[in-house]
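[1] Based on what follows, work out the 3D shape:
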Amino acid sequence: MKTIKRLLIIIYILIGFISYSLGIAVYENLKVDQEVRQFKKNMVLKETINIGDKMTSYYVPRETKEDEEPSFSDEKRRYVGQPGDILVTRQSPYPEYRGIHEFVSYYFGGHASLVIEDNQVMEIAGFGSGSIWDVITHDGVSDHDFTQTVITVPNYWLDRDHRGESDPSYPYYGSFYRDSFIGLRVKNTTKEEKQLAIDEAKRLEEMNTMYNYLFFLDTKNKYYCTDFISRIYQAINHQRSTKDKLKLNDDGFITSVNDLILSKDTYIFFYKETIGNHEHIYYFE
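    Residues are numbered from 1 along each chain as shown. This next block holds a predicted model:
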């Protein structure tokens, strides 16, 4: 009888946890959808151009703050973001796996990168040479040859030829990286503070820092993509007062893409969505 009661208690706890996490996920997704709609609502069409067999429409605010940095780092609008900006997508990298794709997209989101100088981004992902088990059981400090580490790559987020037809995700995302993604800026930070965050990211890259498949466990020396973004910005908190400290993950649990978007310390400066072969890009000039 006692065993049955204990089992029932465990079941009730699990049901409660699942219900709570589902409620949080629903709330966050509705809130992000609302913020994106409001961001788009404040924009007006600037121009529409054809690029090969693709069409791109650009939208700009009716009024832009004087001190707002441009959304693009080049005149041809190929590279989005200034150093310190954050690029996130809510869409998972597994669109071919029905069910898994929807679950990951809804609960956690797809990916996050940090924009740095020279039209590059820094990021960490779970794709690489090492098996998941080998990476999980590694202490995260000893030498290794795994490739699930922090890397610096060219800024690919607006690459219109990101993937070829042989890519498993091509039937879902086409040649674009994702159907939609969001650009975030950290509020009330100086260029010097953003550089501190970038320097912290580069330090982790030099250390060959590994990916964390356990998310909220084993966090001392391992990171996952959104966690990486959140924690490198904490590097500037040592020079701030308690009330001014940055916190890009308000709930203090697994850092999701929605957490970064909804943080009180970030705001949307860019949004891109693709409908068929037609890109719609909303940005600050």
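[2] pLDDT weak spots in the stretch 151-285 of the chain?
    Where the stretch 151-285 of the chain drops to pLDDT under 70, the residues are 218, 250-252.
[3] Can you show me the strands along it?
    Here the stretch 151-285 of the chain has its strands, by DSSP state E, counting those that start in this stretch, at 151-154, 180-186, 210-211, 222-223, 266-275, 278-283.
[4] Torsion angles phi and psi at residue 89?
    phi -130, psi 140 (degrees, to the nearest 10).
[5] Can you spell out which residues form a bridge with it?
    Partner residues in beta bridges with residue 89, using DSSP bridges, are residue 111.
[6] circling back: and the strands of the stretch 151-285 of the chain as JSON lines, adding distance to residue 27 and mean neighbour count?
    For glycine as for every other residue, the C-beta is placed from the backbone atoms N, C-alpha and C. JSON lines is the format used below for the strands of the stretch 151-285 of the chain (distance: least, C-beta to C-beta, whole Å; neighbours: other C-beta atoms under 10 Å):
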{"stretch": "strand 151-154", "distance to residue 27": "33", "mean neighbour count": "12"}
{"stretch": "strand 180-186", "distance to residue 27": "18", "mean neighbour count": "23"}
{"stretch": "strand 210-211", "distance to residue 27": "28", "mean neighbour count": "26"}
{"stretch": "strand 222-223", "distance to residue 27": "26", "mean neighbour count": "24"}
{"stretch": "strand 266-275", "distance to residue 27": "18", "mean neighbour count": "19"}
{"stretch": "strand 278-283", "distance to residue 27": "24", "mean neighbour count": "20"}
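[7] With distance to residue 131 as new columns, can the ones you listed be given to me in a markdown table?
    What follows is the strands of the stretch 151-285 of the chain, written out as a markdown table (distance: least, C-beta to C-beta, whole Å):
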| stretch | distance to residue 131 |
| --- | --- |
| strand 151-154 | 19 |
| strand 180-186 | 29 |
| strand 210-211 | 12 |
| strand 222-223 | 15 |
| strand 266-275 | 34 |
| strand 278-283 | 37 |
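[8] between those strands, which one is nearest to residue 32?
    Among these, the nearest to residue 32 by C-beta to C-beta is strand 180-186 (8.4 Å).
[9] just to revisit the earlier point, the strands of the stretch 151-285 of the chain: which one's closest to residue 238?
    Minimum separation from residue 238 across these (C-beta to C-beta) falls at strand 180-186, 16.1 Å.
[10] how near is the residue nearest to the spatial centre of the chain to residue 258?
    Closest residue to the average C-alpha location of the chain: residue 112 at 2.4 Å, with C-alpha atoms, centre = their mean. In this structure, residue 112 and residue 258 are separated by 11 Å, where distance is defined by C-beta to C-beta, to the nearest Å.
[11] swap in residue 110?
    Separation of residue 110 from residue 258 (C-beta to C-beta): 11 Å.
[12] anything in contact with each of the two?
    In terms of C-beta atoms under 8 Å, 6 or more residues apart in numbering, residue 110 and residue 258 are both contacted by the residues residue 90.
[13] re the thing from before, and the residue nearest to the centre of the chain, how far from residue 260?
    Taking C-beta to C-beta as the measure, residue 112 falls 6 Å from residue 260.
[14] Mutual contacts of these two, please.
    86, 88, 226, 229.
[15] Of the residues you listed, which is the most crowded?
    The residue in these with the most neighbours, by other C-beta atoms under 10 Å, is residue 229 (30 neighbours).
[16] Show me where the stretch 1-150 of the chain has its strands.
    With DSSP E, counting those that start in this stretch as the criterion, the stretch 1-150 of the chain has strands at 43-51, 54-61, 86-89, 111-116, 120-123.
[17] With distance to residue 221 as extra columns, can I get those in CSV?
    Output for the strands of the stretch 1-150 of the chain, formatted as CSV (distance: least, C-beta to C-beta, whole Å):
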stretch, distance to residue 221
strand 43-51, 42
strand 54-61, 42
strand 86-89, 22
strand 111-116, 19
strand 120-123, 17
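[18] Residue 145: which of those strands is closest?
    Of all the strands of the stretch 1-150 of the chain, it is strand 120-123 that lies closest to residue 145, at 19.4 Å by C-beta to C-beta.
[19] Compare the strands of the stretch 151-285 of the chain and report which one is nearest to residue 134.
    Judged by C-beta to C-beta, the one of the strands of the stretch 151-285 of the chain that comes nearest to residue 134 is strand 210-211, at 10.2 Å.
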